[in-house]
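S.K.: show me the folded form of this:
(3 chains)
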Amino acid sequence: MTEANPAEIHPTAVVHPGTILGAGVRVLEHAVVGKQPSLGARSTAKREPLPPTTIGDGTVVSTGAVVFAGSAIGASCIVGDQSCIRERVTLADDCVVGRGSLIENDTSVGAGTRIQAGAYVTAYSTLEEDVFIAPCVVTTNDNYMGRTEKRKALMRGPTIRRGARVGGGAILCPGIEVGEEAFVGAGAVVTKDVPARKVVVGSPARVIRDVHADELRENGG
Amino acid sequence: MTEANPAEIHPTAVVHPGTILGAGVRVLEHAVVGKQPSLGARSTAKREPLPPTTIGDGTVVSTGAVVFAGSAIGASCIVGDQSCIRERVTLADDCVVGRGSLIENDTSVGAGTRIQAGAYVTAYSTLEEDVFIAPCVVTTNDNYMGRTEKRKALMRGPTIRRGARVGGGAILCPGIEVGEEAFVGAGAVVTKDVPARKVVVGSPARVIRDVHADELRENGG
Amino acid sequence: MTEANPAEIHPTAVVHPGTILGAGVRVLEHAVVGKQPSLGARSTAKREPLPPTTIGDGTVVSTGAVVFAGSAIGASCIVGDQSCIRERVTLADDCVVGRGSLIENDTSVGAGTRIQAGAYVTAYSTLEEDVFIAPCVVTTNDNYMGRTEKRKALMRGPTIRRGARVGGGAILCPGIEVGEEAFVGAGAVVTKDVPARKVVVGSPARVIRDVHADELRENGG
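M.R.: Numbers count the residues shown, from 1 in each chain, chains lettered A, B, ... in the order given. Have a look, this model is predicted:
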């Protein structure tokens, strides 16, 4: 944080001690940055002490957003109004986390990925570069929903490959891989992996065609 | 705003300069009114300067809600707890925006329309009078999900006609028209227009019957 | 609240007068506890004055959460970040209300029940003990969606029996009963009651098998 371009913290925001804010970072009204988690007795999240949050140059943490300790947000990101980013999340540069979305713990998000409003990205997810997550997408990571000991070893969030797009309100079952440049239609319930460059729709989701060539990133889509 | 019935602003709320509050308006704890947008580098939203927010007589902006500049909220509305109304939204009188809901930019909502909790109303939507949007409804406006230049001309939110009802968790694909007094069942995935006074259910949604006469507004329903 | 272990209220939180906080309760940044409702003109919620909120020993009301007057939260609960609990809700001990979830009015939640992030629990719901509600579950209570007078007598939220699990993004139609230890798959649209110890999936949801014995609570699952 240079003297020439300091971070700008609204007086109603709370930035916990130790937080590292890059040049030109803005933290808006009622946002909270650097919060330590309060875990429930049965939570499976790790309990070691967390390092401070780091926020890259030019990133905006918007009104009412909450960013936990132990997470690293890149440069030129927008952490949307009323959104939440949990602990041990890595967000690369130029990402958008839409209004009200939640990125759960231990998740990695690649550069240029846009997560629209109201999306739920579960713990232990991997989103590569240039992914598009439409509004209100739901992801899951636990086929056992809190039962059995073995589930703790089997919990797996989705892996969403470079350039893939997931449509509004779509639901991904635990451990799903969505292939590079694949397209999941709005409202699809995805119960098995989605091949690269294919379009799937429906409940359960089925392949209906290839992604049109003019929509591929390699073609400037 | 008369002297006799001034607006009541909680000390923890933030009302940006220029905001016009009607008589008896209440702005509750931690609400933010008149916020200017922080757009991402690739956002398609317009960038001209925005006029102040106006809030009509007797409207309540509830706890933690965020209302952007450039929007006009009518009289006797409830902007629910933790909800968000973006820029260039017009809300007529007697509307309810449920807790946690988001009304995206450039959307118009008719008088008496009730948007229940957790709903997502996408940008460039039209909701006419007396519409009922059940909890957690998802709407969409972009079949291309952020790809191609042509999509910018093709983005279209839903048009939801007078008196229509959309059920809990239903998903509307881009540009859908829901006809007057039509009824979309809970969990439906709507991929084509819904005729007036028809009931649709399922994924993809299909017409199953007429709306019962005693539920029509013209019959006092 | 003993002198030895007083409640801890963040200076940015708002705790309304009369609220009863147990020993060791923590109320985090920007949370609001004990709020009176602001009802819309056509809301069907009751209008009598509400008694103060009570919060049991050791419970955490997290960042940005809102808890209404007239509700009683048990001991050792977590009321998640940005969540909301409406009036006349009873939450027993050891419950979790996930980040961003909403528990509507006149709902009862049994001990040990875990409601994950982004879930919507409608008014007049009953959740028994040890229920698991996955992220972004949607429940409903009104087949008439705001029309006709008769609906007021017919509004019924779900009844979710002891040990049942409801998967991510599943939608329950009004008045559904989910039986003891039953399992609703992610993305299911549940249109009729779910028998005890059965697994249902799909839209509309259908029984596909029994719950595996090692996942039943009586077997230590």
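
S.K.: list the buried ones in stretch A:170-184?
M.R.: Of all the residues in stretch A:170-184, those buried under the rule 16 or more other C-beta atoms under 10 Å in any protein chain shown are A:170-184. C-beta here means a position set from N, CA and C on the backbone, and glycine is covered the same way.

S.K.: restricted to helices, list these.
M.R.: Among the buried residues of stretch A:170-184, none falls in helices (DSSP state H).

S.K.: for those, work out which two are farthest apart.
M.R.: A:Pro174 and A:Glu181 (22.8 Å; C-beta to C-beta).

S.K.: chain center to stretch A:176-184, what's the gap?
M.R.: 16 Å (C-alpha atoms, centre = their mean, to the nearest Å).

S.K.: is it anywhere near chain B?
M.R.: Yes - applying C-beta under 8 Å from any C-beta of the partner chain, one finds stretch A:176-184 in contact with chain B at A:Phe183.

S.K.: now swap in stretch A:89-108 and tell me
M.R.: Yes - against chain B, stretch A:89-108 shows contacts by C-beta under 8 Å from any C-beta at A:94, A:96, A:99-100.

S.K.: return the member of these nearest to B:His16.
M.R.: A:Arg99 (17.7 Å).

S.K.: pLDDT score for that closest one?
M.R.: Looking at A:Arg99, its pLDDT reads 98.

S.K.: next: A:Met1.
M.R.: On pLDDT, A:Met1 comes in at 47.

S.K.: what of A:Arg42?
M.R.: For A:Arg42, the predicted pLDDT is 65.

S.K.: closest to chain B among the residues of stretch A:89-108 next to chain B?
M.R.: Nearest to chain B among those is A:Val96, at 4.8 Å by C-beta to the nearest C-beta.

S.K.: ok, what's across the strand from that closest one?
M.R.: As for beta bridges, A:Val96 partners with A:Ile78, A:Arg114 under DSSP bridges.

S.K.: next, the buried residues of stretch A:27-36.
M.R.: Of all the residues in stretch A:27-36, those buried under the rule 16+ other C-beta under 10 Å are A:27-35.

S.K.: show me which residues of chain A sit near chain C.
M.R.: Checking chain A against chain C by C-beta under 8 Å from any C-beta, the hits are A:12, A:14, A:30, A:32, A:35, A:38, A:40-42, A:64, A:66, A:82, A:84, A:100, A:102, A:104, A:118, A:120, A:122, A:136, A:138-140, A:142, A:144-148, A:169, A:171, A:173-174, A:189, A:203-204.

S.K.: if you count neighbours, what's buried in the helix-or-strand element of chain A with minimal mean pLDDT?
M.R.: Of the helices and strands making up chain A, the lowest-confidence element is helix A:151-154, at a mean of 88, by mean pLDDT, DSSP states H and E. Neighbour counts over helix A:151-154 (16+ other C-beta under 10 Å) mark A:Arg151 as buried.

S.K.: quick one: neighbours of the spatially closest residue to A:Gly80 that is not a sequence neighbour, just the number.
M.R.: Sequence neighbours aside, A:Arg99 is the residue nearest to A:Gly80 in space, at 4.1 Å (criterion: C-beta to C-beta, 6 or more residues apart in numbering or on different chains). The number of residues packed near A:Arg99 is 26, by other C-beta atoms under 10 Å in any protein chain shown.

S.K.: for chain A, which spans come out with low pLDDT?
M.R.: Applying pLDDT under 70 to chain A flags the ranges A:1-4, A:40-45.

S.K.: switch to 80 and redo it
M.R.: Counting by pLDDT under 80, chain A has low-confidence residues at A:1-4, A:39-48.

S.K.: spatially central residue in it, please.
M.R.: Centroid-nearest residue in chain A: A:Ile103, 4.2 Å away (criterion: C-alpha atoms, centre = their mean).

S.K.: ok, that one touching A:Cys95?
M.R.: No - taking contacts as C-beta atoms under 8 Å, A:Ile103 lies outside contact range of A:Cys95: 9.6 Å.

S.K.: can you list the residues of chain A near chain B?
M.R.: Contacts of chain A with chain B, taken as C-beta under 8 Å from any C-beta, map to A:10, A:12, A:26, A:28-30, A:60, A:62-64, A:76, A:78, A:81-82, A:94, A:96, A:99-100, A:114, A:117-118, A:132, A:134-136, A:165, A:167-169, A:183, A:186-187, A:202-203, A:214-215, A:217, A:221.

S.K.: could I get the buried residue list for stretch A:61-72?
M.R.: A:61-72.

S.K.: follow-up on the earlier one: how much space separates the residue nearest to the centre of chain A from B:Leu102?
M.R.: Computed as C-beta to C-beta, to the nearest Å, the A:Ile103 to B:Leu102 distance reads 17 Å.

S.K.: one more: A:Lys152?
M.R.: Distance from A:Lys152 to B:Leu102, by C-beta to C-beta: 34 Å.

S.K.: so of the buried residues of stretch A:170-184, which ones are in strands?
M.R.: A:171-172, A:177-178, A:183-184 (DSSP state E).

S.K.: and of those residues, the nearest to chain B?
M.R.: Each of these was checked against chain B using C-beta to the nearest C-beta; the closest is A:Phe183, at 7.3 Å.

S.K.: ok, and the closest non-adjacent residue to that closest one?
M.R.: A:Val199 is the one closest to A:Phe183 (C-beta to C-beta, 6+ apart), at 4.5 Å.

S.K.: now A:Ser125
M.R.: With C-beta to C-beta, 6+ apart, the residue lying closest to A:Ser125 is A:Gly157, at 3.5 Å.

S.K.: A:Thr140 too?
M.R.: Per C-beta to C-beta, 6+ apart, closest to A:Thr140 is C:Gly168, 4.0 Å.

S.K.: for that neighbour, what are its contacts?
M.R.: With contacts defined as C-beta atoms under 8 Å, 6 or more residues apart in numbering or on different chains, the neighbours of C:Gly168 are A:120, A:138-140, A:171, C:116, C:134-137, C:186-187.

S.K.: state the distance from it to C:Tyr120.
M.R.: C:Gly168 is 13 Å from C:Tyr120, by C-beta to C-beta.

S.K.: for A:Glu149, same thing?
M.R.: Taken as C-beta to C-beta, the span from A:Glu149 to C:Tyr120 is 30 Å.

S.K.: between these two, which one's more packed in?
M.R.: Higher neighbour count among A:Glu149 and C:Tyr120: C:Tyr120, with 31 against 10, using other C-beta under 10 Å.

S.K.: so who does that one touch?
M.R.: B:117-118, B:135-136, B:168, C:101-102, C:104, C:137-139.

S.K.: great, nothing more from me.
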